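[1] A structural model of the following input is requested.
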Amino acid sequence: MSQAATAIADSQGRMPRQIAFIIGNEAAERFSFYGMRNILTSFLVGTLLLASTSDLAEREHLAKEVFHSFMIGTYFFPLLGGWLADRYFGKYNTVIWFSLIYCAGHACLAMFEHSQTGFYTGLFLIAFGAGGIKPLVVSFCGDQFDQSNKHKAKLVFDAFYWTINFGSLFASLLMPIFLREYGPSIAFGIPGALMFLATLIFWLGRNRYVRVPPTREAPDPDSFFNVARTALSGKVAGQGNPGAIVAGLGVALALGALSLSFVPAMGFVKSACLALGLLIGFGGYGISLQLDRARGKHADAAVDGVRAVLRIVIVFALVTPFWSLFDQKASTWVLQGQKMVVPTDLWWWPSWLISAEGGARAAASQMQAINPLLVMLLIPFNNLLLYPALRRVGLNPTPLRRMGFGIAISGLSWIVAAVLQLYMDAGHPMSLAWQVVPYVLLTFGEILVSATALEFAYSQAPHAMKGVIMALWYLTSTFGNLWVMLTNAAVRNPAVTSHIAGTGLSENAFLMFFFAGFAFVAAAAFALYARRYPMQDHYRAA
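    Reported below is the predicted structural model:
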């Protein structure tokens, strides 16, 4: 019996032993990613790479453009990784190969700190590599469970998320110090070394994993795309083709969006992502209108699977505003923090680590460490105290309820950030310590949304499409960052700028209130849809 087969037999009803390799890989990889990401905005604002302008506000705007473009790429490439894993290579092989590309990207950042071409090539390779493995490590972790021990999967998904934040905590605290004291080569080189370690740890477990083989190496007549094509092309006597018309409209609008890439304020990244969103939105709605026309030509299970995927996509779409808020903590909030005063007289402030002598730029980047620290504290608090207490009083914190409340709480965090901005705009010196409040609220919202969604996405995905469904989940962050970039492009328009000026608010304060309102609207829509969402159970049989 092979080691993998032994692992399957030994894990009946118990925690799979091979999980330790996956968790270890994730801890090192997340340190690598967040260590690089959390110093990126500060590095770009202060580097010669943006030497095309000396205006600080414009440099900050350009730094945010680069940062959010990078994040869009990171969460776009999961589509490719999920597809390759599901159809051709399997999850394990795809993770290993993309990890090597990931390592090469880190090497470029360390070597080309003064070369725009070399540095941006490194960012592309990291986005490509990190994006390629993102949907796979989580779903590969889920593959190690079956019906006999699926009750332990929630503990592992929470531990998985806890580990992500364990790596992020130390990356957020240490990398700004290394950037300040030793320069970009060391600060970007250390995350590269951690990524190599992550790859090695994952490889060491190669003979112990349960490897679910690719399910679509041969053409599958009942694949999602074949069922969708049959539904859209199917004709019924006496009925029109409303679904095909809607899907065709989506194609036309997507082509129109792509043509906007020639507009300076848009560019290719924003235009391509907008086009993708239009294709998914209109195409999915069109398919849903005519899906029953695929019955008889395809198995009922395949048609029902497509409908399940479309329902999941709607849930995912309503989560995208959350990522608009969350990912800006590494850009907008860092830039806000750089204009605050580092406190020296508060008894609880860790001056030995975040000091005024280190400068506001490093301190503002280090503030991001509050997020992973709170995640590690709040996940056990929620599981051991909060959720059991809610159940005892008759309130069941289902995954969808948690996610809906999380979106709303993230909006509240941005109300607080906006109020802080109002005080700063009025000329009042604002202590950096006040940023703790919005960080606490945003982190609580993150746990309710993101940690819950890992479990939700895996459990709701049909067996043949788990990699792609996880990729679609990560695509929500791409669109969240797209909304940020579109908003930032809009405020460069004189008409929009004039309107903001008419409100009496600064641009920063106005945008903070805007994104808070965006989250509240999304939370209300999410709550309405969640009430009629049919939950599924797609763990593999024992």
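[2] use CA for all of it now, contacts and neighbours both
    OK.
[3] Show me how the record splits this protein into domains.
    10-206+299-530, 223-298 (automatic domain parsing).
[4] Next, format those as a markdown table and append distance to Pro213.
    Listed next are the domains of the chain as a markdown table, based on distance: least, C-alpha to C-alpha, whole Å:
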| stretch | distance to Pro213 |
| --- | --- |
| domain 10-206+299-530 | 6 |
| domain 223-298 | 16 |
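[5] what is the mean pLDDT for the longest helix seen in the chain?
    The helix spanning the most residues in the chain, taking DSSP state H as the definition, is helix 153-182. Helix 153-182 comes out with an average pLDDT of 80.
[6] For the helix or strand that it is followed by, list every residue counted as buried.
    Sequence order places helix 184-204 as the next helix or strand after helix 153-182, per DSSP states H and E. Within helix 184-204, the residues scored as buried using 16 or more other C-alpha atoms under 10 Å are 184-199, 201-203.
[7] go on, stretch 371-380?
    Asn371, Pro372, Leu373, Leu374, Val375, Met376, Leu378, Ile379.
[8] Quick one: mark the members of the residues you listed that sit in helices.
    Of the positions in the buried residues of stretch 371-380, Asn371, Pro372, Leu373, Leu374, Val375, Met376, Leu378, Ile379 sit in helices, assigned by DSSP H.
[9] Mind putting these into JSON lines with pLDDT?
    Listed next are those as JSON lines, based on pLDDT from 0 to 100:
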{"residue": "Asn371", "pLDDT": "87"}
{"residue": "Pro372", "pLDDT": "86"}
{"residue": "Leu373", "pLDDT": "87"}
{"residue": "Leu374", "pLDDT": "87"}
{"residue": "Val375", "pLDDT": "82"}
{"residue": "Met376", "pLDDT": "81"}
{"residue": "Leu378", "pLDDT": "85"}
{"residue": "Ile379", "pLDDT": "79"}
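[10] Just put those residues in a markdown table and tack on distance to Ala453.
    A markdown table is the format used below for these (distance: C-alpha to C-alpha, whole Å):
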| residue | distance to Ala453 |
| --- | --- |
| Asn371 | 18 |
| Pro372 | 17 |
| Leu373 | 20 |
| Leu374 | 18 |
| Val375 | 15 |
| Met376 | 17 |
| Leu378 | 16 |
| Ile379 | 14 |
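[11] Could you look up the next helix or strand downstream of the lowest-mean-pLDDT helix or strand in the chain?
    Every helix and strand of the chain was ranked by mean pLDDT, DSSP states H and E. The lowest is helix 3-10, at a mean of 47. Next in sequence after helix 3-10, counting helices and strands by DSSP H and E, comes helix 19-37.
[12] Mind listing the residues bridging to Val341?
    Beta-bridge partners for Val341, by DSSP bridges, are Ser431.
[13] Report how many residues lie close to it.
    Neighbour count of Val341, defined by other C-alpha atoms under 10 Å: 17.
[14] Tell me the spacing between it and Tyr88.
    Taking C-alpha to C-alpha, to the nearest Å as the measure, Val341 falls 54 Å from Tyr88.
[15] Which residue, other than its chain neighbours, is closest to Pro399?
    Thr452 (6.0 Å; C-alpha to C-alpha, 6 or more residues apart in numbering).
[16] quick check, the one you found in a strand?
    No - secondary structure assignment (DSSP: H, G, I helix; E, B strand; the rest coil) places Thr452 in helix, not in a strand.
[17] which helices and strands does the host helix or strand of Leu232 pack with?
    Element membership of Leu232 [criterion: DSSP H and E] is helix 224-233. Applying 3 or more C-alpha pairs under 8 Å, 6 or more residues apart in numbering; DSSP states H and E, one finds that helix 224-233 contacts helix 242-259, helix 267-290, helix 300-326.
[18] which stretch among the ones you listed comes nearest Asp143?
    Among the helices and strands packed on helix 224-233, the nearest to Asp143 by C-alpha to C-alpha is helix 300-326 (18.9 Å).
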